[in-house]
Structure formats: structure tokens, C-alpha cells
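J.: got a predicted structure plus its sequence, pasted below:
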Amino acid sequence: MLSAGGLKIFSGTSHPELAEIIARRYDITHVILVQPIDDRIHRRRLTAQTWDSCFQGRNNMQRDRRDFCANCRVNRSLMELCIMIHACKIASAKRITAVLPLFPYARQDKKDKSRAPITAKLVANMLQRSGCDHVILYAEPSAILHIKTHYNLDDVVIVSPDAGGAKRATSIADRLGVDFALFHKERKKANEVSRMVLVGHVKGKMAILVDDMADTCGTLVLAAKQLTEAGAVEVVAIVTHGILSGNAIENLEESTLEKLIVTNTIPQGAHQAACSKIEVIDIGIVLGEVIRRSHYGESVSKLFDEVPF
């Protein structure tokens, strides 16, 4: 294990397992979770010790398909994070970094109509005003390593399910040295795709759909169907955040997707138990290395091209 003296990890209630994975690998002190009492968020009393660095491990968008109040948990987790950051700040932490595998309200990062709120900017401002110095969001190297080690690159084509994700997918395709294709899609309304047009060649290829989030999986299922009809010999999807709300599990089971590969930015135990097509990539190693390098002032950009073991 790599030692990280002077470094402590604090995790909230949404995804303590990921924080524990990071802490165990790098021998970092993992402080006990904040516990909710009577619908209020409390913190355990911090010692008077001045820490070199405090890292707040969070996943701010965990959804339970059986719970109709998913947004309530997102907001609660965000408030919990801000309280933890503030607690470390007033306890004289030298530097506070928020590790956010999933940034809350990330899709509300621009105006889609007049006077619409840019909520992602609001969240960033909240973190800054709470006392956060840095934010870490990182998962792509784990997906690249998985593709390299599990598939024959001569047979692979990377596919973006929409034009918005083209930059992400082309970046992965370039690093792997494989072909690229994308879908142009039209929506009737939010989370409902009316038409998708494939741009590129996938016949005789192993098609790998790459996206940031899988919510209801409607887009991925429709894309997989069209890729199969276009001659792809196999279709899998690699997604950073497996939210899997609504009837996502049923959609996956009935789809032509061979696998849905997701990272553990969100706990996936219940989803895996319900669907045999779901496979999980552990990003704890990458996040832990980013934390270690950031703490010691080492280059983080090296991880763009390599994954630690």
C-alpha cells in the first residue's frame, strides 16, 4: 500500500463503500460516516488537529428505483457534503478536495431555454463558498483499460449514442486507435427518443456504445437494436454512471445489448442482482491515485494515458 501521511478521507452516507476501497488501497485514514438524526444532518466533533489535506468522498446522485423521492436524496447528499466541507474548514484543514464521481445536476450546465437556471454552476458555487479548494471527477481511464484488456481492438468500433457525446467517444477511439461512429437522435420530450440515425460503419464489428449516464436506458436499447440491424456482430455499452431508474432493468433484459458495463460511482449491488447483463468496473484505484498525486503535487495528467494497477 502507498502511504499518504497527513491525508484523511471523510465520506457521507451515499456511497461509503467507494471511499473505503480508496482508503484501504492507499492506507489513508477513513473517518466514520456522518449520521443523520431526526431528519437533520449532524457531524461528529472534529479534533483540534490541523490536517494537511481533507478529501470528501461523495456520490451525490444515488437512486433507488423503489423510492419516488430520488431528487430529495440528491439534495440531501449535496447538503451533507457542504456541511462536511464547512466542518473541515473551520477545523483548520489546510486544503479540502471534494471527490465527486457523479456531479449533482451535471446535465443542467447550460440554458436550454430562456431564463432556465444553470444549476450545475449553482452547485459549483455552493461547494466553493462552503470552503472546497479542489474538485476531482475522473473515470475515463478505467473504461479504456477495460476495453484494451477484454476486447480485440481490430474488431472494435466505438459508438456515441448522440452527437453530444461525440467528443468523449472520439477521445476514447483515438486513444485506442479504433474506428468511430455516432447516432443523430431527435427527442419528442425529455428521456424519450423518437428517431435515431447511424452515421458510420459497424458491419462485422464489435460495437461499443460509450456514454456518461444510463438512466432509463431507452437511448442505449434503441441504439443497440439499430447497431444489430446495421450488421454489428455484438453490442455492449460502457457507461460511467449507472443510475438505472424507472423500468431500466426490464429494458436491458429485453434488449440486444450483450452487456451494460458501468463504474461503481453509484452502488450497483441491487442492480446486478436484478440483471445478469450488468458488469461493474472499479474506479477506486484511479480515484485513489488522483488523490495521492494531488496531495503530493505530482502530475495528474499522466493518468490521461495510463491506469495505475
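T.: Done, it's in. It should be emphasised that the depicted structure is a prediction, and the values quoted were computed from it without experimental measurement. Numbers count the residues shown, from 1 in each chain.

J.: can you name every helix or strand that the helix or strand harbouring residue 289 contacts?
T.: Element membership for residue 289 (DSSP states H and E) is helix 284-296. Packing partners of helix 284-296 (3 or more Cβ pairs under 8 Å, 6 or more residues apart in numbering; DSSP states H and E): strand 7-11, helix 16-26, strand 96-99, strand 134-136, helix 140-150. To be clear about C-beta, it is placed using only N, CA and C from the backbone, and glycine gets the same treatment.

J.: could you tell me the angle between it and helix 140-150?
T.: Interaxial angle, helix 284-296 versus helix 140-150 (axes from the mean of the first three to the mean of the last three Cα atoms, to 10 degrees): 140 degrees.

J.: any idea of the mean pLDDT in helix 284-296?
T.: What helix 284-296 shows for mean pLDDT is 84.

J.: flag every buried residue along it.
T.: Of all the residues in helix 284-296, those buried under the rule 16 or more other Cβ atoms under 10 Å are 284-295.

J.: re the thing from before, quick one: closest of the helices and strands packed on helix 284-296 to residue 109.
T.: Of all these, it is strand 134-136 that lies closest to residue 109, at 13.9 Å by Cβ to Cβ.

J.: who does that closest one pair up with?
T.: strand 96-99 (parallel) (DSSP bridges).

J.: just the CA atoms of the strand it pairs with, as CSV, please.
T.: Taking C-alpha atoms only, strand 96-99 is exported to CSV below (Å, rounded to 0.1, in the frame of the first residue of the first chain):
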residue,chain,number,x,y,z
ILE,A,96,-10.1,20.4,1.1
THR,A,97,-10.8,18.4,-2.1
ALA,A,98,-14.2,17.1,-3.0
VAL,A,99,-14.1,13.8,-4.9
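
J.: next SSE after it?
T.: Later in the chain than strand 96-99, the nearest helix or strand by DSSP H and E is helix 119-130.

J.: now do that following helix: distance to the chain's middle.
T.: 19 Å (Cα atoms, centre = their mean, to the nearest Å).
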